[in-house]
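> Pasted the sequence and its predicted model underneath.
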Amino acid sequence: AQKVTQAQTEISVVEKEDVTLDCVYETRDTTYYLFWYKQPPSGELVFLIRRNSFDEQNEISGRYSWNFQKSTSSFNFTITASQVVDSAVYFCALSEAAGGYQKVTFGTGTKLQVIP
Amino acid sequence: KAGVTQTPRYLIKTRGQQVTLSCSPISGHRSVSWYQQTPGQGLQFLFEYFSETQRNKGNFPGRFSGRQFSNSRSEMNVSTLELGDSALYLCASSLEQLARTDTQYFGPGTRLTVL
């Protein structure tokens, strides 16, 4: 069964600290996609990154970096030098084909609070 | 290019009423999906429409329905509202049918409160 676990419900850090958000997934498919979304208080989910199951290269985008490890079924997200604007709920999601359609499963989200 | 838009942003209804929510996808996107977000259940998939046809459906009662128009705009309807239907309803659009695992882009959501 498809499952995404974000064990960290809430994290608080002081501004400029680094923080890592964990994401562990379960799937029986060999082809799948992983996503991270950010949901600020306004409610809109903002797409951050997409990674397919064949691409295990780490990705860095500014202060954001992602570590994908198939061996541990993890797709962790690190924010370097956190800022108050990073305060939001972050969702990890897993997408795989199911009966010819895409099935997307979201984790329960990690609420990040960056304290000035 | 404009993002996904949803109207209305906020809605207050009473039990037993029905409600219609609207979503306009990003220009050129043909797939629209709807999600319900609640504190207790998280983000749950409602259904997906592509080319005016419902392609995929989550595990929700028949009170939840939707449709898609020829311009890809979509509406979802909830009939006989219950208190538990209070939630943030999010619409997401993607370029093609989700079977090709496109990235979904989300709108700001409609906050529905059922009294």
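Arrived safely, thanks for sending.

> which stretches of chain A form strands?
Secondary structure of chain A (DSSP state E): strands located at A:3-5, A:10-14, A:19-21, A:24-26, A:32-39, A:46-52, A:59-61, A:64-69, A:74-79, A:88-98, A:101-106, A:110-115.

> So what touches the third one?
Counting contacts by CB atoms under 8 Å, 6 or more residues apart in numbering or on different chains, the residues outside strand A:19-21 that touch it are A:6, A:8, A:11, A:13, A:76-79, A:82, A:90, A:92, A:110, A:112, A:114. Just so you know, the C-beta spots here come from the backbone N, C-alpha and C atoms, and that holds for glycine as well.

> try the longest one
Taking contacts as CB under 8 Å, 6+ apart, the residues outside strand A:88-98 that touch it are A:2-4, A:6, A:21, A:23, A:25, A:27, A:29, A:31-41, A:45, A:75, A:77, A:102-107, A:109-112, B:43, B:98-99, B:101.

> Same question for the fourth one.
Contact with strand A:24-26 is made by A:1-5, A:7, A:34, A:72-75, A:92, A:94, as judged by CB under 8 Å, 6+ apart.

> cool, and the second one?
The set of residues that contact strand A:10-14 without belonging to it, under CB under 8 Å, 6+ apart, is A:19, A:21, A:82, A:110, A:111, A:112, A:113, A:114, A:115.

> Go ahead and confirm the last one touches residue A:15.
Yes - in terms of CB atoms under 8 Å, residue A:115 counts as a neighbour of residue A:15; the distance is 6.5 Å.

> These two: which has the busier surroundings?
residue A:15 (14 against 11; other CB atoms under 10 Å in any protein chain shown).

> in which helix or strand would I find the closest residue in space to residue B:94 that isn't next to it in sequence?
Using CB to CB, 6 or more residues apart in numbering or on different chains and skipping residues adjacent in sequence, the residue nearest residue B:94 is residue B:102, 3.8 Å away. Residue B:102 is located outside every helix and strand, with elements delineated by DSSP states H and E.

> where's residue B:102 relative to residue A:114, distance?
31 Å (CB to CB, to the nearest Å).

> and residue B:24, backbone torsions?
Main-chain dihedrals, residue B:24, degrees, to the nearest 10: phi -110, psi 120.

> quick one: contacts for it?
Here residue B:24 is in contact with B:4, B:5, B:6, B:73 (CB under 8 Å, 6+ apart).

> rewinding a little: name the member of the contacts of strand A:24-26 with the most neighbours.
Neighbour-wise, those (other CB under 10 Å) top out at residue A:92, 27 neighbours.

> what angle sits between the helix or strand bottoming out on mean pLDDT in chain A and strand A:88-98?
Scoring the helices and strands of chain A by mean pLDDT, DSSP states H and E places strand A:101-106 at the bottom, with a mean of 82. Put simply, strand A:101-106 runs at 150 degrees to strand A:88-98, going by axes from the mean of the first three to the mean of the last three CA atoms, to 10 degrees.
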